[in-house]
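Enquirer: mind looking at a prediction? Sequence and model below.
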Amino acid sequence: NAIPNVSVEAENGHYVVYATVDSTGQYTITGLTADVYKVCAAANDFLNGCYGNPFDSSKAATVTLSMQSPLAENINFPLSAGGRISGRVTTEDGQPLSGIWVTPLYRIDVPPGESPWSSVSRAVTDAEGYYTVTRLISQTYRIQFDPTIAGYTSLMSEYYADAETAETAQDVPLTRTQRI
């Protein structure tokens, strides 16, 4: 099924050219010169996707345009809705907290001295303290709740299951299509 309002980009390391998918799922990117491109797409509530490797733009297949072959057709790829984590943030006595940044973090390999935690998406709690983080890849997460952005000076940032650090937080495993 076609996904409306998808932005598709062709990138060659020097510049990016965009197009928008039509109601049938088709797109045409014009104005490209002879070069090697990666083609990726983005849409609200979907994981970004790339030709040849749907979830990792660094490993996307390349598309080569030349003077002899200036046209590339059928550069198609699926987009996935990804996983979703939702819940409610409250005070210890059950009062909702609005404006809290909720960030699922996952561990990455980094040089010593750098933070081993990264994120792909976040959400902000509504007036009743509810949140939904969407567009999550299959991963094991540690969920951070940050009240400082909303101006709560008496509250400290914490992690799921009342942990003080990402290292001590409880794991939240998630598959791409799972809703937690």
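Expert: Yes, it's here. Numbers count the residues shown, from 1 in each chain.
Enquirer: number of residues surrounding Val124?
Expert: 14 (other C-beta atoms under 10 Å). For every residue, glycine as well, the C-beta is placed using N, CA and C.
Enquirer: so in terms of bridging, what pairs with it?
Expert: Beta-bridge pairing for Val124 (DSSP bridges): Trp101.
Enquirer: packing partners of the helix or strand bottoming out on mean pLDDT in the chain?
Expert: Scoring the helices and strands of the chain by mean pLDDT, DSSP states H and E places strand 49-50 at the bottom, with a mean of 88. Judged by 3 or more C-beta pairs under 8 Å, 6 or more residues apart in numbering; DSSP states H and E, the packing partners of strand 49-50 are strand 35-42.
Enquirer: now do the buried residues in the strand it packs on.
Expert: Within strand 35-42, the residues that count as buried by 16 or more other C-beta atoms under 10 Å are Tyr37, Lys38, Val39, Cys40, Ala41, Ala42.
Enquirer: break down this protein into its strands, ranges please.
Expert: Secondary structure of the chain (DSSP state E): strands at 7-11, 16-20, 35-42, 49-50, 62-65, 83-88, 101-107, 117-118, 123-124, 130-136, 139-146, 158-159, 172-174.
Enquirer: wait, Ile100 sits on Tyr131?
Expert: Yes. Using C-beta atoms under 8 Å, Ile100 makes contact with Tyr131 at a distance of 7.4 Å.
Enquirer: and those two? Which one has more around it.
Expert: Comparing Ile100 with Tyr131 by other C-beta under 10 Å, the one with more neighbours is Ile100, at 24 against 21.
Enquirer: who touches the nearest residue to the more buried one once chain neighbours are set aside in this structure?
Expert: Distance criterion C-beta to C-beta, 6 or more residues apart in numbering; nearest residue to Ile100, sequence neighbours excluded, is Thr125 at 4.3 Å. Counting by C-beta atoms under 8 Å, 6 or more residues apart in numbering, Thr125 makes contact with Arg88, Val89, Pro96, Leu97, Ser98, Gly99, Ile100, Val102, Tyr131.
Enquirer: list of residues touching stretch 150-162?
Expert: 97-101, 124, 142-148, 164-166, 168-170, 172.
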